[in-house]
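1. Below is the structure, and that's it, no one-letter string:
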Ligand code: AMP
Ligand code: MG
């Protein structure tokens, strides 16, 4: 295995916890605690992402070395690794939850790649840390596989995200109560290695603000800017203001992409918000199948639906407001923070407008187009149209004779089709007329739409089928899914079944329509 060059700035620059005590406890005055992964009985590499290995400088031979599986199961460390768990807090479902921290995530170190890029490696499910709050620090195969698949799928979809290097089965059972309803059972355990330039979350800052620990809050802010935002310059005040605005803008872009591809994160707590504007912590996430702005895959959130599809843009801003509140003591005046929050709204609206225009093949939307767009989404929701299939097929609309035929597979509900078909056809007429009048050529429109509207997304039921098979020892469905999701905008006719609408059986099945935070 080729050696990696580690430059562990987080642990070498920021204050750490002097104790090496794994018992659950409050960790004060420190950004991290030293923790070693807990070894597992019988690790087996189930899958890896060659693109992520390549970012680190590794090829198939490096991955094939037995040491690779040992390291990414948590049984061994590579020279230069300095494992730790980070201390953070967060607002969960709208309430301040106090200290949370990496309860089952253990960072291994920061790789400095040959091209100068920095990649932090982090195991998820590698055993307890002082932040495990009496839980086991482990993760089950089903949720690890979902995180592994979706991280890479999101990357290939063009959505900012943390990456995933490997999925390793531990050979040990983990006991979980999937729906918190008294039906705990042993499930196979697994460890994912996540990869990102930084895993710092809004909650890393919030915890110091909540504890009135200005010294460490300042250190962490200045560290983050210096390491992760080196392009920002100027006096500290100016730089911090520019930084907050940048975080707001990046978050806006991330959420606009979620809305473009129909992704619902499911648990947008402020501890699950990356300071880099990356999608992070794939838990009970889901993909819109029938368009429904009030839909959430997370049964833990079924009552309030705080994190439903349509709320995501607002919730991201709410989380940014929590971050702003935490940063306030570092600013002599709140105006720059307020400006950042306004920049969020402006950036989100601009990105959403541009992406929606591209989805429709119109380029940037004019004000006059907005009612037409609004009407489309209303009709899609009323008719229960499949988000992915509808937009992809819309590229094939015959502008001279528009009809619903190319989009036939998008309908889930025959009655709704009868009820709303005429309104949809009328909408198509108006849309086709708008396109005929536009200066975008038919070829340009087609290309733009196919680049913006994916043919393949990791629908929950597809992941669930891959999980069912992987639990039985058959990794082929997982490998095929990974392969197809590498090119989500390419037609790949031989894989048409993976672009099909959700089958009826998946509508209510656990893991397909319903997930929980239990993972
Ligand atoms: P999440 O809902 O996954 O974002 O997790 C919220 C908090 O609970 C974080 O501090 C996690 O590290 C912690 N946590 C979740 N599951 C476990 C587990 N199985 N063991 C230890 N900590 C956990
Ligand atoms: Mg989390």
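-> Everything's here; your move. Note that this is a predicted model, so its numbers are computed, not measured. Residues are numbered from 1 along each chain as shown. Ligands and ions are numbered 1, 2, ... in the order given.
2. Going by proximity to ligand 2, name the top residue of the stretch 201-350 of the chain.
-> Per C-beta to the ion, residue 281 is where the stretch 201-350 of the chain lies closest to ligand 2, at 4.0 Å. For the C-beta atoms, the positions are set from N, CA and C on the backbone; glycine is no exception.
3. and that residue, backbone torsions?
-> phi 70, psi 80 (degrees, to the nearest 10).
4. and the closest residue to it other than its chain neighbours, backbone torsions?
-> Excluding its sequence neighbours, the residue lying closest to residue 281 (C-beta to C-beta, 6 or more residues apart in numbering) is residue 272, at 4.2 Å. Dihedral pair for residue 272: phi -110, psi 20, per degrees, to the nearest 10.
5. Now do the helices for the stretch 301-450 of the chain: every range, in order, please.
-> Applying DSSP state H, counting those that start in this stretch to the stretch 301-450 of the chain gives helices spanning 312-327, 335-359, 370-383, 387-394, 414-437, 442-452.
6. quick one on the thing from earlier: what sits against the residue nearest to residue 281?
-> 90, 201, 265, 280, 281, 283 (C-beta atoms under 8 Å, 6 or more residues apart in numbering).
7. a strand runs through residue 120, doesn't it?
-> Yes. Using DSSP: H, G, I helix; E, B strand; the rest coil, the assignment for residue 120 is a strand.
8. tell me which residues of stretch 332-339 are tucked away?
-> By neighbour count with 16 or more other C-beta atoms under 10 Å, stretch 332-339 contains the buried residues 336, 337.
9. Give me the contact list for it.
-> Under C-beta under 8 Å, 6+ apart, the answer for stretch 332-339 is 237, 240, 241, 244, 245, 324, 327, 328, 331.
10. Which strand runs longest in the protein?
-> strand 163-176 (DSSP state E).
11. Kindly indicate which of the contacts of residue 272 lies nearest residue 419.
-> Set against residue 419, the nearest of the contacts of residue 272 by C-beta to C-beta is residue 265 (31.7 Å).
12. Now that closest one. Nearest residue, chain neighbours left out?
-> residue 285 (5.5 Å).
13. Next, the contact list for that neighbour, please.
-> Residue 285 is in contact with 146, 150, 263, 264, 265, 266, 297, 515, counting by C-beta under 8 Å, 6+ apart.
14. still on that earlier bit, ok, the residue of the stretch 201-350 of the chain closest to ligand 2 touching residue 267?
-> Yes. In terms of C-beta atoms under 8 Å, residue 281 counts as a neighbour of residue 267; the distance is 6.8 Å.
15. Tell me the secondary structure at residue 47.
-> Three-state assignment for residue 47 (three-state DSSP): strand.
16. quick one on the thing from earlier: how close does the residue nearest to residue 281 get to ligand 1?
-> The gap separating residue 272 from ligand 1 is 5 Å, by C-beta to the nearest ligand atom, to the nearest Å.
17. Could you do residue 198 as well?
-> Using C-beta to the nearest ligand atom, residue 198 is found at 17 Å from ligand 1.
18. What about the closest residue to that residue other than its chain neighbours? Give its phi and psi, please.
-> Distance criterion C-beta to C-beta, 6+ apart; nearest residue to residue 198, sequence neighbours excluded, is residue 228 at 4.9 Å. Torsion angles at residue 228 (phi, psi; degrees, to the nearest 10) stand at phi -100, psi -10.
19. was I right about residue 228 contacting residue 200?
-> Yes. With contact defined as C-beta under 8 Å, residue 228 reaches residue 200; the gap is 7.3 Å.
20. overlap in contacts of those two?
-> Counting by C-beta under 8 Å, 6+ apart, the residues touching both residue 228 and residue 200 are 275, 276.
21. more neighbours, the two?
-> Shown here are residue 228 and residue 200; by other C-beta atoms under 10 Å, residue 200 has more neighbours (23 against 18).
22. Skip the chain neighbours and tell me the closest residue to the more buried one.
-> Using C-beta to C-beta, 6+ apart and skipping residues adjacent in sequence, the residue nearest residue 200 is residue 275, 4.5 Å away.
23. Check the spacing between the one you found and residue 240 real quick.
-> Counting by C-beta to C-beta, to the nearest Å, the gap between residue 275 and residue 240 amounts to 13 Å.
24. Neighbour count for the two, which is higher?
-> The neighbour count for residue 275 versus residue 240, taken as other C-beta under 10 Å, is higher for residue 275 (25 against 21).
25. contacting residues for that one?
-> 198, 200, 201, 202, 204, 205, 224, 228, 247.
26. returning to that earlier point: may I see the helices of the stretch 301-450 of the chain arranged in JSON lines, with distance to residue 253 and mean pLDDT as well?
-> Output for the helices of the stretch 301-450 of the chain, formatted as JSON lines (distance: least, C-beta to C-beta, whole Å; pLDDT from 0 to 100):
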{"stretch": "helix 312-327", "distance to residue 253": "10", "mean pLDDT": "98"}
{"stretch": "helix 335-359", "distance to residue 253": "5", "mean pLDDT": "98"}
{"stretch": "helix 370-383", "distance to residue 253": "19", "mean pLDDT": "98"}
{"stretch": "helix 387-394", "distance to residue 253": "19", "mean pLDDT": "98"}
{"stretch": "helix 414-437", "distance to residue 253": "26", "mean pLDDT": "97"}
{"stretch": "helix 442-452", "distance to residue 253": "15", "mean pLDDT": "97"}
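27. Return the most buried member of these.
-> The highest average neighbour count among those, using mean count of other C-beta atoms under 10 Å, belongs to helix 387-394 at a mean of 23.
28. any idea how far that one is from the chain center?
-> On the basis of C-alpha atoms, centre = their mean, to the nearest Å, helix 387-394 sits 22 Å off its chain's mean C-alpha point.
29. now swap in stretch 250-270 and tell me
-> 7 Å.
30. Can you get me the start-to-end distance on it?
-> 15 Å (C-alpha to C-alpha, to the nearest Å).
31. Quickly check: that stretch near ligand 1 or not.
-> Yes. Using C-beta under 6 Å from any ligand atom, stretch 250-270 comes into contact with ligand 1 via residue 267.
32. List the buried residues of that stretch.
-> 250-270.
33. returning to that earlier point: which one among the contacts of residue 285 sits at the bottom for pLDDT?
-> Across these, the bottom pLDDT score, 90, is held by residue 515.
34. I figured residue 192 hits residue 162, correct?
-> No. Contact between residue 192 and residue 162 fails when scored by C-beta under 8 Å: they sit 10.1 Å apart.
35. follow-up on the earlier one: save the helices of the stretch 301-450 of the chain as a markdown table, and put in distance to residue 466 too.
-> What follows is these, written out as a markdown table (distance: least, C-beta to C-beta, whole Å):
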| stretch | distance to residue 466 |
| --- | --- |
| helix 312-327 | 26 |
| helix 335-359 | 28 |
| helix 370-383 | 28 |
| helix 387-394 | 18 |
| helix 414-437 | 30 |
| helix 442-452 | 26 |
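36. who wins for proximity to ligand 1 among these?
-> For those, proximity to ligand 1 was assessed by C-beta to the nearest ligand atom; helix 312-327 is nearest, at 13.1 Å.
37. Next, the angle helix 335-359 makes with that closest one.
-> 160 degrees (axes from the mean of the first three to the mean of the last three C-alpha atoms, to 10 degrees).
38. near ligand 1, which residues of the protein?
-> Near ligand 1, when you scan the chain using C-beta under 6 Å from any ligand atom, you find 100-104, 131-133, 135-138, 267, 271-272, 281, 283, 517.
39. Compare neighbour counts for residue 192 and residue 162 and give me the winner.
-> Neighbour tally, residue 192 and residue 162, criterion other C-beta under 10 Å: the higher count belongs to residue 192, 27 against 23.
40. who's that one bridged to?
-> residue 124, residue 167 (DSSP bridges).
41. Kindly provide the distance from it to residue 488.
-> When distance is defined by C-beta to C-beta, residue 192 is 21 Å away from residue 488.
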